[in-house]
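Engineer: build the 3D model from these lines:
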Amino acid sequence: MAIFTFLRHTPRVTIPPTPTPPLTRSPIRLEIRYQLGALESAWDALVDQQKLSSPFLSSWWLNNAAEGTPALLCCFAGSELVGGAAFQIDAVGPRALAVERVRCVGQGTLAPDHIDLIALPDHAAEVLALVLRWLKRSGSRVVDLDGLAATGALAQSLRSHQIERMAAPWTKLPADSAEYLAARAGQVRSTISRTRKRFVREGVHLRRVPTDDMPAALDRLAELHDSRWSEESSFLEGWKRFRAAALAGAASESVIIHELVSAEGDVIATELDLLCGNSLAFYQAGRRTEREWRGSGSVLRADILQWACSEGFAEYDLLRGDESYKADWSDTQRQVVRCRMGVGPRGVALVQAARAQQWLRVGATRYEAKAKKLLSRGPLKPRHEAHNEQSG
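Structural biologist: Presented below is the predicted three-dimensional model:
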């Protein structure tokens, strides 16, 4: 009885459940590769999942467009690829004091855009930390990344080192191409309409280049690009690397070429575009320069955009540059930036020297402009002559 009473009057104590220890995941592992190899499919799948995917992050570009030594940073959680970043490495500076330089793959003549790291959302912070740690690792180097997406993780992390900012025009594409063309300026619509009617009468037609004709189409692009822009464009300086990348991209249906062909079978205008996700990006073009083919570039682009709308592409990206013609085809802009950072004593010294040289160059340009303005004026008159003219 006593035991019963004791139990009955003992306050009830709620024993909390044993807490489950938080799930811990192994830290992600960084691996540096020269080629993606067997990782191509997994890498491209990650590129497609990014908020702003870029064709210049795709495997066909990374495996072929590098100038110097590729450094493809691959981040793994166990055996799963969860993120990465891609760079090319060479040396810069006087030979005795040369240091490593890290740039985006294809940077320079091939001008890649919208570059950032890639990562699964749950691993984005870890991937960024690993990439930054690699860029800032011990030793001296210049990190010079041109074409970074301004809103991307890399550009935001390096924003204190930003040295340039450029516009990248683009536009949304409706399902109906007529709606898109109706929003263009009247002069653009008129040029397209008049030139297209003439071309139809003359038997000029649009041709999408099949994959097996891509090598010849690329050669035609190089020829027409050179005849149209010649020394104004440095694109052909990187032609060998770009040609290899474009052929790989065409094989994966990520690079397409459309041509306007005359009734005699001659190509009068050509445009190469890059496909990434639901975006079509204009990369390069060329056309004949004879007066009879004026307006051919506009007709070709209008035909391409008609095809893009019918295929369900959501946007047309004209990539970096504020050339006036891009305003005819776009409604808005993104921003791409260039960030340059020195690491280690020699890297910092080189970046500071480049900055000082730029200041001197800007100062000299301003001085030259002022000097030309002064020299363009009439001769200065003696003070007493000027006074006499005013008195008269």
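Engineer: what is the burial count for Arg33?
Structural biologist: When counting by other Cβ atoms under 10 Å, one arrives at 16 neighbours for Arg33. Every residue, glycine included, has its C-beta placed from N, CA and C.
Engineer: ok, it touching Leu39?
Structural biologist: Yes: if you go by Cβ atoms under 8 Å, Arg33 and Leu39 touch, sitting 7.5 Å apart.
Engineer: any residues in contact with both of the two?
Structural biologist: Both Arg33 and Leu39 are contacted by Cys74, under the criterion Cβ atoms under 8 Å, 6 or more residues apart in numbering.
Engineer: now do the residue nearest to the spatial centre of the chain, the pLDDT please.
Structural biologist: Taking Cα atoms, centre = their mean, the centroid of the chain lies closest to Asp113, which sits 0.6 Å from it. Looking at Asp113, its pLDDT is 94.
Engineer: and it, how close does it get to Gly106?
Structural biologist: Asp113 is 10 Å from Gly106, where distance means Cβ to Cβ, to the nearest Å.
Engineer: buried stuff in stretch 162-182?
Structural biologist: Gln162, Met166, Ala167, Ala168, Pro169, Trp170, Thr171, Leu173, Ser177, Tyr180, Leu181 (16 or more other Cβ atoms under 10 Å).
Engineer: ok so, going back, next, show the common contact partners of Asp113 and Gly106.
Structural biologist: With Cβ under 8 Å, 6+ apart as the test, Asp113 and Gly106 both reach Phe56.
Engineer: wait, the residue nearest to the centre of the chain sits on Gly147?
Structural biologist: Yes: look at Asp113 against Gly147 with Cβ under 8 Å: they come within range, at 4.8 Å.
Engineer: joint contacts of these two?
Structural biologist: Common neighbours of Asp113 and Gly147 (Cβ under 8 Å, 6+ apart) are Phe56, Arg320, Val336.
Engineer: save the residues you listed as JSON lines, and put in neighbour count and secondary structure too.
Structural biologist: Rendered in JSON lines, the data for the shared contacts of Asp113 and Gly147 read as follows (neighbours: other Cβ atoms under 10 Å; DSSP: H, G, I helix; E, B strand; the rest coil):
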{"residue": "Phe56", "neighbour count": "27", "secondary structure": "helix"}
{"residue": "Arg320", "neighbour count": "21", "secondary structure": "coil"}
{"residue": "Val336", "neighbour count": "27", "secondary structure": "strand"}
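Engineer: and which of these is nearest to Ser193?
Structural biologist: Using Cβ to Cβ, Arg320 comes nearest to Ser193 of the shared contacts of Asp113 and Gly147, at 29.9 Å.
Engineer: quick one: Val336 from Gln284, how far?
Structural biologist: For Val336 relative to Gln284 (Cβ to Cβ), the value is 17 Å.
Engineer: Ser227 now?
Structural biologist: 13 Å.
Engineer: ok, the two, which is more surrounded?
Structural biologist: Gln284 (23 against 12).
Engineer: C-terminal to the helix or strand in which that one is found, which secondary structure element comes first?
Structural biologist: Element membership for Gln284 (DSSP states H and E) is strand 279-287. Per DSSP H and E, strand 279-287 leads on to helix 296-310 as the next helix or strand towards the C-terminus.
Engineer: all the helices of the stretch 1-150 of the chain, residue numbers only.
Structural biologist: For the stretch 1-150 of the chain, applying DSSP state H, counting those that start in this stretch gives helices covering 2-9, 40-49, 59-62, 124-135.
Engineer: quick one, which of these is nearest to Phe87?
Structural biologist: By Cβ to Cβ (comparing all of these), the closest turns out to be helix 124-135, at 8.3 Å.
Engineer: I figured Val99 hits Val143, correct?
Structural biologist: No: Val99 lies out of contact with Val143 (Cβ under 8 Å); the separation is 10.7 Å.
Engineer: shared neighbours, the two?
Structural biologist: Overlap of the contact sets of Val99 and Val143 (by Cβ under 8 Å, 6+ apart) consists of Gly347.
Engineer: look at Ala155 and say how many residues are nearby.
Structural biologist: Neighbour count for Ala155, taken as other Cβ under 10 Å: 23.
Engineer: what's near enough to touch it?
Structural biologist: Asp116, Leu148, Ala149, Gln162, Val337, Cys339 are the contacts of Ala155 under Cβ under 8 Å, 6+ apart.
Engineer: Val336 is in contact with the fourth one, correct?
Structural biologist: This means Gln162. No: taking Cβ under 8 Å as the definition, Gln162 is not a contact partner of Val336, at 10.8 Å.
Engineer: now do the domain split for the chain, please.
Structural biologist: For the chain, automatic domain parsing gives the domain ranges 29-167+337-358, 174-313.
Engineer: tell me which of those domains lies nearest to Tyr325.
Structural biologist: domain 174-313 (8.5 Å).
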